[in-house]
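Q: sequence and computational prediction follow.
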Amino acid sequence: MMRLIAVTVLELAANAIGLLIAAWLLPAFQISPLGFVVVVALFTAAKFILGPLLFKLSFKYVRALNGGVALVTTLAGLWVTTWLTNGLVITGFNTWVLSTLIVWLSGVLATLVLPLFLFKQVLSNNGAPRRPTLPPGLG
């Protein structure tokens, strides 16, 4: 249970970082300060729901998309978030493309780096210290 909570918090933090970087780099990508928490929560929920669905669809119909499912999921998550809330506004084709790439790449990097600093105990076997084991006959 703690692992699920840690992974969820990690995903929320990674998405928040990605959205903030996109808002910082792209003038046509606007997040309202009051709607930021709602935008992050809704975007994360959309990615959790759409990710497996898009993966199954791509596997069944368009196998060439399997590698790009994360990008498509990010784009779909941004679209759903802009559609359901006024807290995120994305204007222009170039901004949609660049924001998808920035949010995806920032999220990937944050997902790789954040566990090194946060949740180290929780993500490694529920906090139980690991002891190296020797192969049979050597110990």
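A: Yes, it's here. Numbers count the residues shown, from 1 in each chain.
Q: helices of the chain, start to end?
A: For the chain, helices defined by DSSP state H occupy the ranges 2-25, 36-61, 69-84, 93-117, 120-123.
Q: show me what the second one is packed against.
A: Using 3 or more Cβ pairs under 8 Å, 6 or more residues apart in numbering; DSSP states H and E as the contact criterion, the neighbours of helix 36-61 among helices and strands are helix 2-25, helix 69-84. Just so you know, the C-beta spots here come from the backbone N, C-alpha and C atoms, and that holds for glycine as well.
Q: with the first one instead?
A: Judged by 3+ Cβ pairs under 8 Å, 6+ apart, the packing partners of helix 2-25 are strand 29-31, helix 36-61, helix 93-117, helix 120-123.
Q: make it 10 Å
A: Contacts of helix 2-25 with other secondary structure elements, assessed using 3 or more Cβ pairs under 10 Å, 6 or more residues apart in numbering; DSSP states H and E, are made with strand 29-31, helix 36-61, helix 69-84, strand 88-90, helix 93-117, helix 120-123.
Q: could you list the buried residues of it?
A: 6, 10-19, 21-23 (16 or more other Cβ atoms under 10 Å).
Q: so how far is residue 23 from residue 90?
A: When Cβ to Cβ, to the nearest Å is the yardstick, residue 90 and residue 23 sit 10 Å from each other.
Q: let me fix that, I meant to ask about residue 37.
A: For residue 37, the distance to residue 23 equals 14 Å [Cβ to Cβ].
Q: where does this protein have low pLDDT?
A: Across the chain, residues meeting the criterion (pLDDT under 70) sit at 59, 61-67, 119-139.
Q: if we use 50, what do you get?
A: Residues of the chain meeting the criterion pLDDT under 50: 134.
Q: looking at the helices and strands packed on helix 2-25, which is closest to residue 2?
A: Closest of those to residue 2 is helix 120-123, at 5.2 Å (criterion: Cβ to Cβ).
Q: quick revisit: would you turn the helices and strands packed on helix 2-25 into JSON lines with distance to residue 1 and mean neighbour count?
A: Formatted as JSON lines, the entries for the helices and strands packed on helix 2-25 read as follows, by distance: least, Cβ to Cβ, whole Å; neighbours: other Cβ atoms under 10 Å:
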{"stretch": "strand 29-31", "distance to residue 1": "31", "mean neighbour count": "19"}
{"stretch": "helix 36-61", "distance to residue 1": "17", "mean neighbour count": "16"}
{"stretch": "helix 69-84", "distance to residue 1": "25", "mean neighbour count": "19"}
{"stretch": "strand 88-90", "distance to residue 1": "31", "mean neighbour count": "20"}
{"stretch": "helix 93-117", "distance to residue 1": "18", "mean neighbour count": "16"}
{"stretch": "helix 120-123", "distance to residue 1": "10", "mean neighbour count": "14"}
